[in-house]
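In: Got a sequence here, can you build the structure:
(one chain, ligands or ions: 1)
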Amino acid sequence: MINEKVRRMELSGIRKMFEMATEDTINLGLGQPDFNPPEDVVDHYRKAMLDGYNGYGSSYGLPALREEIARHQSKYRSDITSDNVMVNVGATQALRIVMESTVCRGDEVLYPEPGFVLYSPQTRIAGAKPVPYPVLQRDDFIPSVDKLEELRTPDTKAIIVNSPGNPTGGVITKKAVKEITEWAVDNDILIISDEVYEMMVYDGDHISFLGDHDNVIAINSFSKTFAMTGWRIGFMVTRSDWIKEIGKLHYYTVACPPTPPQHAILYALKERIDFVEEMTRTFKKRRDVIVSRLNDINGFDCLTPKGAFYVFPTIDLNISSDKFAFMLLEKGVLATPGNAFGSVGEGHIRFSYANSTKNIHRAMDILEDTVEEIL
Ligand SMILES: Cc1ncc(COP(=O)(O)O)c(C=O)c1O
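Out: Residues are numbered from 1 along each chain as shown. Below you'll find the predicted structure:
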């Protein structure tokens, strides 16, 4: 009784690899920080439950949390208030209801390739056609407006952008944000901007698409920021009239986001921003280690990513990225083949550096041995 739409869906390539890993595998496949949220934040979660915050809350999210999010986001656009914010069940659910609320059958949605695995399936689930646009190493993994214009048709309704980027670690420039925004305004295209790695930028600042343009929906999350991927709290920021409209779907989908973690996150946003700053400093050190090790290995070419916690080197060894990732997995290192992020990712492999420096070195030693075997 399962319908064709679901039957035809592919299981994400990342999940497939995950399921093959054993306990001893060095996991550089992780899309989540290898940290725990700060203990006092966890205490606030527990306290919220003990204080009786166990019931349904506002569908849009805890009012005080929406206000605090608005305060943070107003650095990108000064008129943002809590009316522009909705708290969601992770960025995943935020994106799901945004797609469902904005695009229809016959519409085309441009999305980055290589890109996060949700974009194409979620576009399809909403009935629209996903159209990949390339983000290439030679362009620092930044989208090119000329390419977007080439791919634009009268049916292009929306573009999904993602900076800092998964899987590339690419960070968009002010100039590119301006050019893409102008192009979107000229062509009446909605910008859906996935900014979940907003706080993890190593060099320079995060440039948000939440500028002066009104037709932008920013998708965000606390999953990575406070190392709480399992708490499932994300949010979106957009026009208040759109929050009201999308809010209907939000209510009919989840009723409301979970109540206790929102209390803990409110505390974290007010008191523990130092946590993400410290975690980002640690990631930066690991980034430097993994980039330098990779560039010393035959056949690998790795850009220094400016954000998130992934490297996305090219492999030039006459072997598919799938096959190479499986060889590595057999030797005890989990990484994600580039084509799991779309066919443009072929020839790359993604390593997450959400693992200790010691494990990164061990994994790079194994990688070196594997390459020697191939050569
Ligand atoms: C770019 C990007 N967007 C969205 C998500 C989903 O985040 P959440 O845990 O908030 O659903 C991820 C998770 O890996 C991601 O990498």
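
In: what about the strand or helix carrying Ile219, near the ligand?
Out: Per DSSP states H and E, Ile219 falls inside strand 216-221. Yes - for strand 216-221, a contact with the ligand is found by Cβ under 6 Å from any ligand atom, at Ser221. Where you see a C-beta, it was placed from the backbone N, CA and C, and this is true even at glycine.

In: Show the average pLDDT along that strand.
Out: Strand 216-221 shows a mean pLDDT of 98.

In: close to the ligand, is the helix or strand just after it?
Out: As assigned by DSSP H and E, the chain's next helix or strand after strand 216-221 is strand 234-237. Yes - using Cβ under 6 Å from any ligand atom, strand 234-237 reaches the ligand at Gly234.

In: Who are the packing partners of strand 234-237?
Out: Using 3 or more Cβ pairs under 8 Å, 6 or more residues apart in numbering; DSSP states H and E, the elements in contact with strand 234-237 are helix 63-73, strand 85-88, helix 90-102, strand 216-221.

In: Mind listing residues that contact the next helix or strand after it?
Out: Where DSSP H and E defines the elements, the next helix or strand beyond strand 234-237 is helix 240-254. The contact list for helix 240-254, computed with Cβ atoms under 8 Å, 6 or more residues apart in numbering, reads 59-60, 81, 83-86, 88-89, 93, 96-98, 100-101, 217, 236, 238.

In: highest average neighbour count across the helices and strands packed on strand 234-237?
Out: Looking across the helices and strands packed on strand 234-237 with neighbours counted as mean count of other Cβ atoms under 10 Å, the highest average goes to strand 85-88: a mean of 28.

In: How about residues contacting that strand?
Out: With Cβ under 8 Å, 6+ apart as the test, strand 85-88 has contacts from 60-62, 65-66, 69-70, 73, 94, 97, 233-237, 243, 246-247, 250, 254, 257, 262.

In: List the pairing partners of that strand within its sheet, with orientation.
Out: In the sheet, strand 85-88 lines up against strand 234-237 (antiparallel) (DSSP bridges).

In: Let me see the mean pLDDT of the partner strand.
Out: 98.

In: if I look at whatever residue of the stretch 51-200 of the chain ends up closest to the ligand, how far off is Met236?
Out: Proximity to the ligand, evaluated over the stretch 51-200 of the chain using Cβ to the nearest ligand atom, is greatest for Gly90 at 2.9 Å. Per Cβ to Cβ, to the nearest Å, Gly90 is found 11 Å from Met236.

In: ranges for the strands of the chain?
Out: With DSSP state E as the criterion, the chain has strands at 26-27, 85-88, 108-113, 129-134, 156-162, 190-194, 216-221, 234-237, 300-301, 310-311, 314-315, 333-334, 336-337, 349-352.

In: what's the nearest residue to Asp214 if we skip its chain neighbours?
Out: Nearest residue to Asp214, sequence neighbours excluded (Cβ to Cβ, 6 or more residues apart in numbering): Arg239, at 5.8 Å.
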